[in-house]
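Undergrad: Coordinates only, no sequence provided:
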DNA sequence: TCGTTTTATATCGTTCACGATGCAAATATA
DNA sequence: TATATTTGCATCGTGAACGATATAAAACGA
């Protein structure tokens, strides 16, 4: 039996899982101040780039299922950040649009990425190496998506 | 306002979050076959390395809080994978130990890492570059842990 | 056109994550 | 030694994730 492969130290997935959770925690104080969670912030990023999208487009963009996104959007609607209304051409779709409050949050949160970004800069992760890190993560995501 | 920083494409955290979820999904069929979830598998990795640890040591090793780990361990106890008994020298501690079933799972699951590992190998992520990726993630985790 | 299949979204149940809080045992301090 | 503080674990509430399933609208095929 190959026990070395079963060491926590040798697990890529555990590193990604931990890094993801710890960065999300770094976002937490900056977002909760405005009543937002990290996945809700991701939805805002998507809608700031293009407003009025069907649920499915948002879900695909975030690599999530609609059964994750739907309740998330329902909570955001209750907070008055966005609206959900039936599509005109396709009555199955729900078109998600930002309210004024949702649009205004872009201005409010525009410094969040740089604030959090600064906290991950270290010896091996810096402006010079981040493109490599991005490429590796993008390639992995692309690879895993196709399975 | 710096809108570029608010593009999904520029977010390191989103990449980590997505990569983490997609790899975890790659583990899913291999683990659920044996009634395990990914976090439960992580607990097993920790206990296979050293059996009979207090809840706190397991939590620290996984960078999780005890309020996440406790229910997880309770579920695993109900499945007969481990036992939880009070510590002798310190009655506050709960010592977690593997049952035979828990120990036997090591043999059963020893090929899981290589099976999943193969599915992330791609152009930019390969045996040559993985040490760099590990170093970057480890540095980030170390950095974020201290905040 | 009518029945079948596909698509878009929602609902439900289970398992994390995690902040907040509670409680008992151990430790520190007066 | 009596009291205060810290430590280790548990409970509770909320919000994701996600598999399984449901439902209605659209598209397709006979």
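TA: Received the coordinates, thanks. Computed from a predicted structure; not experimentally measured.
Undergrad: Least confident secondary structure element in chain A?
TA: The helix or strand with the lowest mean pLDDT-type score in chain A, counting by mean pLDDT, DSSP states H and E, is helix A:112-118 (a mean of 93).
Undergrad: next structured bit after that one?
TA: Sequence order places helix A:130-145 as the next helix or strand after helix A:112-118, per DSSP states H and E.
Undergrad: With chain B in mind, check whether the helix or strand harbouring residue A:106 reaches it.
TA: In this structure, residue A:106 is located in helix A:100-109 according to DSSP H and E. Yes - Helix A:100-109 is in contact with chain B by Cβ under 8 Å from any Cβ of the partner chain, via A:106-107, A:109. The C-beta positions use only the backbone N, C-alpha and C, and glycine is treated the same way.
Undergrad: Isn't residue A:26 up against residue A:118?
TA: No - counting by Cβ atoms under 8 Å, residue A:118 is not a contact partner of residue A:26; they are 9.8 Å apart.
Undergrad: burial count for residue A:16?
TA: Residue A:16 has 25 neighbouring residues, counting by other Cβ atoms under 10 Å in any protein chain shown.
Undergrad: where does it land in three-state SS?
TA: Using DSSP: H, G, I helix; E, B strand; the rest coil, the structure places residue A:16 in helix.
Undergrad: and the least confident helix or strand of chain A, what does it pack onto?
TA: helix A:12-32 (3 or more Cβ pairs under 8 Å, 6 or more residues apart in numbering or on different chains; DSSP states H and E).
Undergrad: for the record, mean pLDDT for the next helix or strand after the helix it packs on?
TA: Downstream of helix A:12-32, the first helix or strand assigned by DSSP H and E is helix A:38-49. Averaged over helix A:38-49, pLDDT sits at 98.
Undergrad: again with stretch A:3-12
TA: Mean per-residue pLDDT for stretch A:3-12: 87.
Undergrad: List the buried residues in the least confident helix or strand of chain A.
TA: For helix A:112-118, burial by neighbour count (16 or more other Cβ atoms under 10 Å in any protein chain shown) applies to A:112-113, A:116-117.
Undergrad: Can you name the residues of chain A that neighbour DNA strand C?
TA: Along chain A, the residues adjacent to DNA strand C under the rule Cβ under 7 Å from any atom of the strand are A:17, A:21, A:24-25, A:28, A:54-57, A:59, A:66-67, A:70-71, A:73-74, A:84, A:87, A:90, A:92-95.
Undergrad: switch the cut-off to 6 Å
TA: A:21, A:24-25, A:28, A:54-56, A:66-67, A:70, A:84, A:92-94 (Cβ under 6 Å from any atom of the strand).
Undergrad: can you tell me which of these lies nearest to residue B:79?
TA: When the residues of chain A next to DNA strand C are compared for distance to residue B:79 (Cβ to Cβ), residue A:21 wins out at 24.3 Å.
Undergrad: what does the model give that closest one for pLDDT?
TA: For residue A:21, pLDDT reads 98.
Undergrad: tell me the phi and psi of the spatially closest residue to it that is not a sequence neighbour?
TA: Once flanking residues are discounted, residue A:21 sits nearest to residue B:63: 7.1 Å by Cβ to Cβ, 6 or more residues apart in numbering or on different chains. Torsion angles at residue B:63 (phi, psi; degrees, to the nearest 10) stand at phi 60, psi 30.
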